[in-house]
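1. from the sequence below, what's the structure:
(one chain, ligands or ions: 1)
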Amino acid sequence: MANSIRVGIVLGSDSDLTIMLETVKVLDALQVGHEVVVASAHRTPKRTEEYATTAAGRGLGVLIAAAGGAAALPGVLAASSPLPVIGVPIAATPLGGMDALLSMVQMPKGVPVATVAIGAWGAANAAILAAQILAVGDAALRARLAAYRQRLTDEVDERAKRVEATLRAQAPSPRPAASAD
Ligand code: RP5
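-> Numbers count the residues shown, from 1 in each chain. Sure, this is the predicted structure:
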């Protein structure tokens with residue numbers, strides 16, 4: 001069924017939600033069922049481990065984890081779950097998200113976290129990546145992803161037309177031909 005819960009979105013804090021609504025928006029557009037929970041690796045380690053250890057058994061296929069600062073959350077989920085984990089670094093400190101990015105991307109050999117860009121772009125891409133992972137075994141989702149890509153292509157075509165129209169409108173009008181006499 002298209003909308004049973006297949007992706008778990010785990011937030012280190014409710015303050016990560018604004019950015020992670022980008023993930024929700026894209027998963028909704030692709031009709032991928034998901035749930036959003038808050039669990040902190042540092043503040044609620046038991047809840048985090050409980051979520052990670054039960055997610056696969058509940059039928060989820062991918063975990064997306066968002067956190068800022070010393071962002072241990074995706075790594076802790078990856079350590080306790082067989083599911084692929086995608087990490088979204090959040091800019092929550094004066095380091096602008098670089099702290100979270102490096103915490104996620106520099107996981108030790110054997111326990112990967114697929115880390116995407118800091119902030120909203122990463123949040124949207126995490127959803128697409130999760131859908132692509134699930135689509136390996138789901139032809140209908142593959143078709144929805146192809147349609148999504150086509151919409152992006154169409155948007156670029158539209159932008160190109162707008163640029164052409166703007167440049168045409170700004171081009172100097174041709175000078176009248178010089179008189180022969
Ligand atoms: C991280 O610390 C959270 O993921 C969040 O990005 C950041 C700030 O959390 P709050 O202080 O807003 O709860 O653990």
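
2. just the closest residue of the protein to the ligand, please.
-> Nearest residue of the chain to the ligand (Cβ to the nearest ligand atom) works out as residue 12 at 2.3 Å. C-beta coordinates here come from the backbone N, C-alpha and C atoms, glycine included.

3. tell me who's in contact with that residue.
-> Contact analysis of residue 12 by Cβ atoms under 8 Å, 6 or more residues apart in numbering lists 38, 39, 40, 41, 65, 66, 67, 68, 71, 73, 90.

4. in stretch 4-21, what counts as buried?
-> Within stretch 4-21, the residues that count as buried by 16 or more other Cβ atoms under 10 Å are 6, 7, 8, 9, 10, 11, 12, 13, 16, 19, 20.

5. tell me, what residue is most central in the chain?
-> In the chain, the residue lying closest to the centroid (Cα atoms, centre = their mean) is residue 126, at 2.4 Å.

6. in the helix or strand harbouring that residue, which residues are buried?
-> Assigned by DSSP states H and E, residue 126 belongs to helix 120-135. Neighbour counts over helix 120-135 (16+ other Cβ under 10 Å) mark 120, 122-131, 133-135 as buried.

7. Serialize the residues you listed to JSON lines and add fields for pLDDT and distance to the ligand.
-> Shown next, in JSON lines, are the buried residues of helix 120-135 (pLDDT from 0 to 100; distance: Cβ to the nearest ligand atom, whole Å):
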{"residue": "120", "pLDDT": "98", "distance to the ligand": "14"}
{"residue": "122", "pLDDT": "98", "distance to the ligand": "13"}
{"residue": "123", "pLDDT": "98", "distance to the ligand": "12"}
{"residue": "124", "pLDDT": "98", "distance to the ligand": "17"}
{"residue": "125", "pLDDT": "98", "distance to the ligand": "18"}
{"residue": "126", "pLDDT": "98", "distance to the ligand": "14"}
{"residue": "127", "pLDDT": "98", "distance to the ligand": "18"}
{"residue": "128", "pLDDT": "98", "distance to the ligand": "22"}
{"residue": "129", "pLDDT": "98", "distance to the ligand": "20"}
{"residue": "130", "pLDDT": "98", "distance to the ligand": "19"}
{"residue": "131", "pLDDT": "98", "distance to the ligand": "23"}
{"residue": "133", "pLDDT": "98", "distance to the ligand": "23"}
{"residue": "134", "pLDDT": "98", "distance to the ligand": "25"}
{"residue": "135", "pLDDT": "98", "distance to the ligand": "28"}
